[in-house]
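> Take this sequence and fold it.
(one chain, ligands or ions: 3)
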Amino acid sequence: MSPRFVVLGPPGGGKTTVGVLLAEHLGVGFRDTDDDIVESQGKPISDIFTTDGEPVFRALEEAAVAKALSEYEGVLSLGGGAILSERTRELLADHTVVFLNVGMAEGVRRTGLSSARPLLAGVNPRATYKALLEARLPLYREVAKIEVLTDALTPEQVVSTILTAPEATNS
Ligand SMILES: Nc1ncnc2c1ncn2[C@@H]1O[C@H](COP(=O)(O)OP(=O)(O)OP(=O)(O)O)[C@@H](O)[C@H]1O
Ligand SMILES: O=C(O)C1=C[C@@H](O)[C@@H](O)[C@H](O)C1
Ligand SMILES: [Mg+2]
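Ligands and ions are numbered 1, 2, ... in the order given. Predicted coordinates:
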């Protein structure tokens, strides 16, 4: 039992938008490990960051990802920073992982300055976003079977790019 696709990438890559659309195309469900954490903790992720701290959030995230990977059969989206966990990267080796990439300018435009994204709520969200992309790019690429640069594509075009990728044939 395995998710059909595991979708990951930076904030604004389109994990939710494309993930939901991809699931609709396949006639399966969509699940997001961020939502699993919010549900199990009974508070928003921004509250977990401010009250408990990022390390607590990352531990909750690692457990939520392992659980979802072991039991879910639809399209699964991970939080943007889930890839920072070595254990998660090891688990992802066995899955059809789609990396939704986005350049800095478009990523910043898509995420805006929303305080719902605690890591981007600081004084210089642009610089934070750039640093985050640079640090995570090799980690996303380490696990991805399919990479789509989404900047100039509509969500529908991203979905058809995924579904026509040779790596998607057994998914
Ligand atoms: N390919 C695309 N073209 C244009 N706009 C897009 C595309 N993908 C996503 N968007 C828009 O960008 C915004 C962020 O997308 P979305 O919430 O799906 O990203 P995400 O990767 O799930 O982000 P987060 O990590 O914060 O959950 C939304 O307003 C969405 O409509
Ligand atoms: O990029 C990140 O590190 C994060 C992305 C979101 O999906 C959430 O998991 C949380 O806000 C942290
Ligand atoms: Mg999302």
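
> count of neighbours near the spatially closest residue to L149 that is not a sequence neighbour?
With C-beta to C-beta, 6 or more residues apart in numbering as the criterion, L149 has its nearest non-adjacent residue at 4.8 Å, and that residue is N101. For every residue, glycine as well, the C-beta is placed using N, CA and C. The local packing of N101 (other C-beta atoms under 10 Å) involves 19 other residues.

> where in the protein is pLDDT low?
Counting by pLDDT under 70, the ranges of the chain that qualify are 113-123.

> let's see it at 80
Applying pLDDT under 80 to the chain flags the ranges 1, 112-125, 169-171.

> and it, which residues reach ligand 1?
9, 11-17, 80, 110, 117, 150, 153-155, 158 (C-beta under 6 Å from any ligand atom).

> Just the buried residues from those, in ChimeraX please.
Buried members of the residues of the chain next to ligand 1, defined by 16 or more other C-beta atoms under 10 Å, are picked up in ChimeraX with:
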select :9,11,12,13,14,15,16,17,80,110,117,150,153,155,158
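
> The residue nearest to L149 contacts T150, correct?
Yes. Using C-beta atoms under 8 Å, N101 makes contact with T150 at a distance of 6.5 Å.

> Need the overlap of contacts for the two.
Residues touching both N101 and T150 (C-beta atoms under 8 Å, 6 or more residues apart in numbering): G13.

> next one: phi and psi at V7?
The phi and psi torsions at V7 (degrees, to the nearest 10) take the values phi -110, psi 130.

> Over to L100?
phi -90, psi 100.

> so who does it touch?
V7, L8, G9, G13, G14, K15, V18, V148, T150, V158.

> can you tell me which two in the residues you listed are farthest apart?
Based on C-beta to C-beta, the longest span within these runs between L8 and V158 and measures 13.5 Å.

> Strands of the protein, start to end?
5-8, 30-32, 75-77, 97-101, 146-149 (DSSP state E).

> about what we covered before: which ones among the residues of the chain next to ligand 1 map onto helices?
Counting by DSSP state H, the residues of the chain next to ligand 1 place K15, T16, T17, R110, P155, V158 in helices.

> Which ones, among the residues you listed, also lie beside ligand 3?
K15, T16 (C-beta under 5 Å from the ion).

> Among the ones in helices among the residues of the chain next to ligand 1, which one sits closest to Y72?
Closest to Y72, out of all of these and judged by C-beta to C-beta, is K15, at 14.7 Å.

> Now flag whichever of the ones in helices among the residues of the chain next to ligand 1 is closest to S85.
For these, the nearest to S85 is K15 (16.7 Å; C-beta to C-beta).

> Return the residues in contact with that closest one.
Counting by C-beta under 8 Å, 6+ apart, K15 touches V7, L8, G9, D32, S77, L78, G80, L100.

> Before I go, just wanted to say thanks for your time.
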